[in-house]
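Visitor: quick one, structure for this:
(2 chains)
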2 protein chains.
Amino acid sequence: MPKYEHLARAIRDVPDFPKQGILFKDITTLIIKPELFREIIDIFTGQYRDKGVEKVVAIEARGYLIASALAYRLGAGIVPIRKPGKLPAETVSETYELEYGTDSIEIHRDGLSKGDRVLLVDDLLATGGTAAAACKLIRGRQARILGVAFLVELDFLEGRKRLEEVDIFSIVHF
Amino acid sequence: MPKYEHLARAIRDVPDFPKQGILFKDITTLIIKPELFREIIDIFTGQYRDKGVEKVVAIEARGYLIASALAYRLGAGIVPIRKPGKLPAETVSETYELEYGTDSIEIHRDGLSKGDRVLLVDDLLATGGTAAAACKLIRGRQARILGVAFLVELDFLEGRKRLEEVDIFSIVHF
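Guide: Sure thing, here's the model as predicted:
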């Protein structure tokens, strides 16, 4: 039985979301359970407690649901990455490729400083496009990526290959 | 000097965002500071620790940045409210009026059950339209709203008037 099988079982499969043929992994059925939500935050905390994380960079929007609790536990600040036009002050942005077309993400220019010790957090690693763009944003601010944390990793999509040179930790693998 | 003056000072004013004439209160400059982020979560925790909160309902997206840490501290689960089309499973929705036009928010139908003890969390109370709609969603699931928590309340917009019958707690008032 795989590690954290009980956490994998708490994640709901939603067929054909957001479009036909996609089997969506819905984490809301896990984080709604207090004991499971606590467990995932504690697992992440154990993973990063001794790394000296100063800032947790969180990817909108589901990533925030994990990143905030983890930042609290690690004694770190939290810095949001958002879709274009959502952050109010001066931003830097990064564009990445989707299956059809492109998308962009942004971070506040003053959200990271040179040498900051950063943990990047999102709910799910699929093809890795968003996370790779987020890593570029962080490196562009000359901050140091101590790790990239996901609750779920879809191994068969091999998103990990797009995130070379960073330490990746995912709790649940499908 | 008002209570929590140091927290108020950590919130950045951004003129003309998201549109001309709006002075946007940017909380990212507060939550980026580990000690201030910790302080707001601890203030909220003190406020709700003895209330028996079972589920923290969080409003997308900035609300998540606070709600996740608070849910962890309260030993509660977390249930997201999102914009239409974002939640993968069956939802219930509520439409509310904006200055021009309307907007909607959704929650998973199985996100709340009858009698659940709920704390609603968002970053900022302005006119109260979104929060009032969120309260309707929660009540529609026959759950019990123990409180509504905001980091910031814009007193001059009188959003509180649209949230009668619920207990509102905001840390910073402008």
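
Visitor: can you tell me the SS state at the most centrally placed residue in chain A?
Guide: Nearest to the geometric centre of chain A sits A:Asp122, at 1.5 Å (Cα atoms, centre = their mean). Of the three states, A:Asp122 takes strand under DSSP: H, G, I helix; E, B strand; the rest coil.

Visitor: A:Ser68 too?
Guide: Going by three-state DSSP: A:Ser68 is helix.

Visitor: mind listing what the residue nearest to it when sequence neighbours are not counted touches?
Guide: Among residues not flanking A:Ser68 along the chain, B:Ser68 sits closest, at 3.5 Å (Cβ to Cβ, 6 or more residues apart in numbering or on different chains). Any C-beta I mention is one placed from the backbone N, CA and C, and that applies to glycine too. Counting by Cβ atoms under 8 Å, 6 or more residues apart in numbering or on different chains, B:Ser68 makes contact with A:Tyr64, A:Leu65, A:Ile66, A:Ala67, A:Ser68, A:Ala69, B:Ala58, B:Ile78.

Visitor: any idea which element the second one lies in?
Guide: The reference is to A:Leu65. helix A:62-74 (DSSP states H and E).

Visitor: could you export that helix as PDB, CA atoms only?
Guide: What follows is helix A:62-74 as a C-alpha-only set of coordinates in PDB (Å, rounded to 0.1, in the frame of the first residue of the first chain):
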ATOM      1  CA  ARG A  62      -5.900  26.500  -4.300                       C
ATOM      2  CA  GLY A  63      -2.200  26.800  -3.400                       C
ATOM      3  CA  TYR A  64      -3.200  29.500  -0.800                       C
ATOM      4  CA  LEU A  65      -5.400  27.000   1.000                       C
ATOM      5  CA  ILE A  66      -2.200  25.100   2.000                       C
ATOM      6  CA  ALA A  67       0.500  27.800   1.900                       C
ATOM      7  CA  SER A  68      -1.100  30.000   4.600                       C
ATOM      8  CA  ALA A  69      -1.200  27.300   7.200                       C
ATOM      9  CA  LEU A  70       2.300  26.100   6.300                       C
ATOM     10  CA  ALA A  71       3.800  29.700   6.400                       C
ATOM     11  CA  TYR A  72       2.300  30.000   9.900                       C
ATOM     12  CA  ARG A  73       3.800  26.800  11.100                       C
ATOM     13  CA  LEU A  74       7.200  27.600   9.600                       C
END
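
Visitor: what does the average pLDDT come to for it?
Guide: Confidence for helix A:62-74, expressed as mean pLDDT, is 98.

Visitor: touching chain B at all, the helix ranked longest in chain A?
Guide: Assignment by DSSP state H gives helix A:34-48 as the longest helix of chain A. Yes: contact of helix A:34-48 with chain B (Cβ under 8 Å from any Cβ of the partner chain) involves A:Pro34, A:Phe37, A:Arg38, A:Ile41.

Visitor: in chain A, what residue spans correspond to helices?
Guide: Under DSSP H, chain A gives helices at A:5-10, A:28-31, A:34-48, A:62-74, A:129-140.

Visitor: contacts only, for the spatially closest residue to A:Ala132 that is not a sequence neighbour.
Guide: Leaving aside its chain neighbours, A:Ala132 sits nearest to A:Arg162 (4.6 Å; criterion: Cβ to Cβ, 6+ apart). A:Arg162 sits next to A:Thr127, A:Gly128, A:Gly129, A:Ala131, A:Ala132 when contact means Cβ under 8 Å, 6+ apart.

Visitor: returning to that earlier point: in a markdown table: the helices of chain A, plus distance to A:Val152.
Guide: What follows is the helices of chain A, written out as a markdown table (distance: least, Cβ to Cβ, whole Å):
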| stretch | distance to A:Val152 |
| --- | --- |
| helix A:5-10 | 8 |
| helix A:28-31 | 9 |
| helix A:34-48 | 10 |
| helix A:62-74 | 10 |
| helix A:129-140 | 12 |
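
Visitor: most tightly packed of the ones you listed?
Guide: helix A:62-74 (a mean of 27; mean count of other Cβ atoms under 10 Å in any protein chain shown).

Visitor: and the angle for it with helix A:34-48?
Guide: 70 degrees (axes from the mean of the first three to the mean of the last three Cα atoms, to 10 degrees).

Visitor: and the angle for helix A:62-74 with helix A:129-140?
Guide: 50 degrees.

Visitor: return the distance of helix A:62-74 from the chain's centre.
Guide: In terms of Cα atoms, centre = their mean, to the nearest Å, the centre of helix A:62-74 is set 10 Å apart from its chain centre.

Visitor: so stretch A:137-149, near chain B or not?
Guide: No: if you take Cβ under 8 Å from any Cβ as the test, stretch A:137-149 misses chain B, and the best it gets is 12.3 Å.

Visitor: show me how far that stretch is from its chain's centre.
Guide: With Cα atoms, centre = their mean, you get 12 Å for stretch A:137-149.
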